[in-house]
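Q: coords below, sequence missing:
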Ligand SMILES: Cc1cc2nc3c(=O)[nH]c(=O)nc-3n(C[C@H](O)[C@H](O)[C@H](O)COP(=O)(O)OP(=O)(O)OC[C@H]3O[C@@H](n4cnc5c(N)ncnc54)[C@H](O)[C@@H]3O)c2cc1C
């Protein structure tokens, strides 16, 4: 099958690329799993803070902000973010809250935000109001729907197993089919090196790791809806 652009990976990177490119060219997206957003994109804490991450990530965050604020009525809702620290952690606390662009607040204000803080262990707090929940599910579904509407061919259960290049065209084997394209986009998340290696490109030393998240009831039956995202 021939396609102008072939994208490997059905997470937020691959789907946003598919949605943006498919009005301009024929696009095929290959996802190894049964469902889109199966890995990091479907399991994140879905927190949007423009000053999170390294310089490259921050630049992307800033570039994405208007889209998240406005598209389809907006994908963001106000959450706030708080950092707390023990009495012996002030230097690390200050470095971290400075990197996140947070302001130090008094402990009374911190207890107002999160009433279950332990006054014996929490000595410092910092807060930033403009941290948001990102509706990651709606973002993924909207990108997938827009891409399909513009004619993109989105294939799940299609793990890429072989990549060769002949006469300037990539031949990519996945799910029993061979896809032929002049332009290949590697959006395979933590597996970028596996795809790069298949394509004969030097890996950058990325390693997929398992990262876990648990959802538990709030202690004491507290309603946490108005609590900020907080870290210690
Ligand atoms: C627990 C957790 C919490 C997080 N919290 C936040 C947060 O609060 N805020 C924030 O901004 N970010 C957060 N992140 C990070 C964010 O989720 C990721 O940066 C983002 O989802 C990465 O998207 P991606 O499309 O690059 O990768 P992925 O979503 O991993 O997508 C890559 C896709 O490529 C596919 N693939 C791999 N190999 C192949 C192959 N050979 N053939 C076909 N397909 C292949 C995979 O199956 C996968 O679906 C968090 C991440 C985790 C894990």
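A: Perfect, thanks for sending it. This one's a predicted model, so the numbers in the text were calculated from it and none came from an experiment.
Q: close to the ligand: what parts of the chain are there?
A: Applying Cβ under 6 Å from any ligand atom, we find that the chain lies next to the ligand at 8-14, 30-33, 38-41, 43-47, 159-160, 187-191, 195, 211, 213. To be clear about C-beta, it is placed using only N, CA and C from the backbone, and glycine gets the same treatment.
Q: who's in contact with residue 18?
A: 7, 27, 29, 143, 144, 147, 152, 154 (Cβ atoms under 8 Å, 6 or more residues apart in numbering).
Q: need the longest helix for this protein.
A: In the chain, with assignment by DSSP state H, the single longest helix is helix 55-70.
Q: list the buried ones in it?
A: 61, 64, 68 (16 or more other Cβ atoms under 10 Å).
Q: show the average pLDDT along it.
A: For helix 55-70, mean pLDDT is 95.
Q: what lines up beside the next helix or strand along the chain from it in the sheet?
A: Proceeding N to C from helix 55-70, the next assigned helix or strand is strand 76-78, under DSSP states H and E. Sheet pairing of strand 76-78 (DSSP bridges) gives strand 132-134 (antiparallel).
Q: pLDDT on the strand it pairs with, on average?
A: Mean pLDDT, strand 132-134: 97.
Q: take the contacts of residue 18 and write them to JSON lines, including pLDDT and distance to residue 172.
A: As requested, these are exported to JSON lines (pLDDT from 0 to 100; distance: Cβ to Cβ, whole Å):
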{"residue": "7", "pLDDT": "99", "distance to residue 172": "10"}
{"residue": "27", "pLDDT": "98", "distance to residue 172": "13"}
{"residue": "29", "pLDDT": "98", "distance to residue 172": "12"}
{"residue": "143", "pLDDT": "97", "distance to residue 172": "21"}
{"residue": "144", "pLDDT": "98", "distance to residue 172": "20"}
{"residue": "147", "pLDDT": "98", "distance to residue 172": "18"}
{"residue": "152", "pLDDT": "98", "distance to residue 172": "16"}
{"residue": "154", "pLDDT": "98", "distance to residue 172": "15"}
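Q: of the residues you listed, which belong to helices?
A: Using DSSP H, the members of those that fall within helices are 143, 144, 147.
Q: the ligand: which of those residues is nearest?
A: The ligand has its nearest neighbour among these in residue 143, at 10.5 Å by Cβ to the nearest ligand atom.
Q: contacting residues for the closest one?
A: 12, 15, 16, 18, 19.
Q: give me that answer again for 10 Å
A: The contact partners of residue 143, taken as Cβ atoms under 10 Å, 6 or more residues apart in numbering, are 10, 12, 14, 15, 16, 17, 18, 19, 20, 36, 37, 152.
Q: same thing with residue 220?
A: 115, 116.
Q: one more time with 8 Å
A: residue 116.
Q: secondary structure element for the residue lying closest to residue 85 once chain neighbours are set aside, which one?
A: Nearest residue to residue 85, sequence neighbours excluded (Cβ to Cβ, 6 or more residues apart in numbering): residue 93, at 3.6 Å. Assigned by DSSP H and E, residue 93 belongs to helix 90-99.
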